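[1] coordinates only, sequence not included:
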């Protein structure tokens, strides 16, 4: 028997004071061990900083400064650069080092078109194949996201947001689709984060996520896929606008 799929922002305040949010920051234990573990930890920390805009597109990554910041030597740091380059987040140039990838307008449009198609497909499969437990977990995460939205806590909101999209992809139960999604999604994570810095756009994104949870709970594949496509098109438009404003500021 399925539970009532409706959501209400009134639940946000109650969830805001709960302990639902796990600490997802890398721990010291993860950094202990061989160079590969150190590189993975460094890549994870650097990835989050890129996504959250600490290192904007086009930024050259200073090895000495990053070694001090991340507490690693140059060997695991360079391996971290290679890991992020494979994800499309970092570009490595011979004799010039690494820099954060800067996507063109065309790159951004193409990336969102592809990820929009992949996520819409995941939505359809998830409505058909997700277990009741998987749907309940996504609903719980939506309440958690509502709570972080109520607190104006963008980093936590975005982390939970990412997990919801990830859970929908997993609930599709198609390993090849999941692999394609992961590869493409890594390239635009920072753009998805920046698009919520405008409060009106953030409010709209929150409402769309509530509608997604309702559609998934009702197993309404057409509605969920349509909401997801619209959601990602708005993200694309916001990312293009943000990039244009950044370029205009740099040229002033």
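    Everything's here; your move. Computed from a predicted model, the values in this text were never measured in an experiment.

[2] any chance you could map the helices in the stretch 151-252 of the chain?
    For the stretch 151-252 of the chain, the helices defined by DSSP state H, counting those that start in this stretch cover 154-171, 175-194, 199-217, 221-250.

[3] of those, which approaches residue 92 most closely?
    Distance to residue 92, taken as Cβ to Cβ, is lowest for helix 175-194 among the helices of the stretch 151-252 of the chain, at 15.5 Å. Using the backbone N, CA and C atoms, a C-beta is placed for each residue, glycine as well.

[4] for residue 72, find the nearest of the helices of the stretch 151-252 of the chain.
    helix 175-194 (21.1 Å).

[5] just checking, what packs against the closest one?
    With contacts taken as 3 or more Cβ pairs under 8 Å, 6 or more residues apart in numbering; DSSP states H and E, helix 175-194 sits against helix 35-51, helix 105-129, helix 154-171, helix 221-250.

[6] could you dump the ones you listed to JSON lines with mean pLDDT, mean neighbour count and distance to residue 211?
    Shown next, in JSON lines, are the helices and strands packed on helix 175-194 (pLDDT from 0 to 100; neighbours: other Cβ atoms under 10 Å; distance: least, Cβ to Cβ, whole Å):
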{"stretch": "helix 35-51", "mean pLDDT": "86", "mean neighbour count": "20", "distance to residue 211": "25"}
{"stretch": "helix 105-129", "mean pLDDT": "96", "mean neighbour count": "18", "distance to residue 211": "12"}
{"stretch": "helix 154-171", "mean pLDDT": "94", "mean neighbour count": "20", "distance to residue 211": "13"}
{"stretch": "helix 221-250", "mean pLDDT": "85", "mean neighbour count": "17", "distance to residue 211": "5"}
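
[7] take those helices and lay them out in JSON lines including distance to residue 185.
    Output for these, formatted as JSON lines (distance: least, Cβ to Cβ, whole Å):
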{"stretch": "helix 35-51", "distance to residue 185": "11"}
{"stretch": "helix 105-129", "distance to residue 185": "6"}
{"stretch": "helix 154-171", "distance to residue 185": "8"}
{"stretch": "helix 221-250", "distance to residue 185": "11"}
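
[8] between those, which one is nearest to residue 99?
    The nearest among these, by Cβ to Cβ, is helix 35-51 at 10.7 Å.

[9] can you give me how far that closest one is from the chain middle?
    Between the centre of helix 35-51 and the centre of its host chain there is 16 Å, according to Cα atoms, centre = their mean, to the nearest Å.

[10] Provide the contact partners of that helix at residue level.
    Under the contact criterion Cβ atoms under 8 Å, 6 or more residues apart in numbering, helix 35-51 has outside partners 26, 30-31, 55, 61, 66, 70, 72, 75-77, 79-80, 83-84, 87, 89-90, 100, 158, 189-190, 193.

[11] out of those, which sit inside helices?
    Under the assignment DSSP state H, those contribute 30-31, 66, 70, 75-77, 79-80, 83-84, 158, 189-190, 193 to helices.
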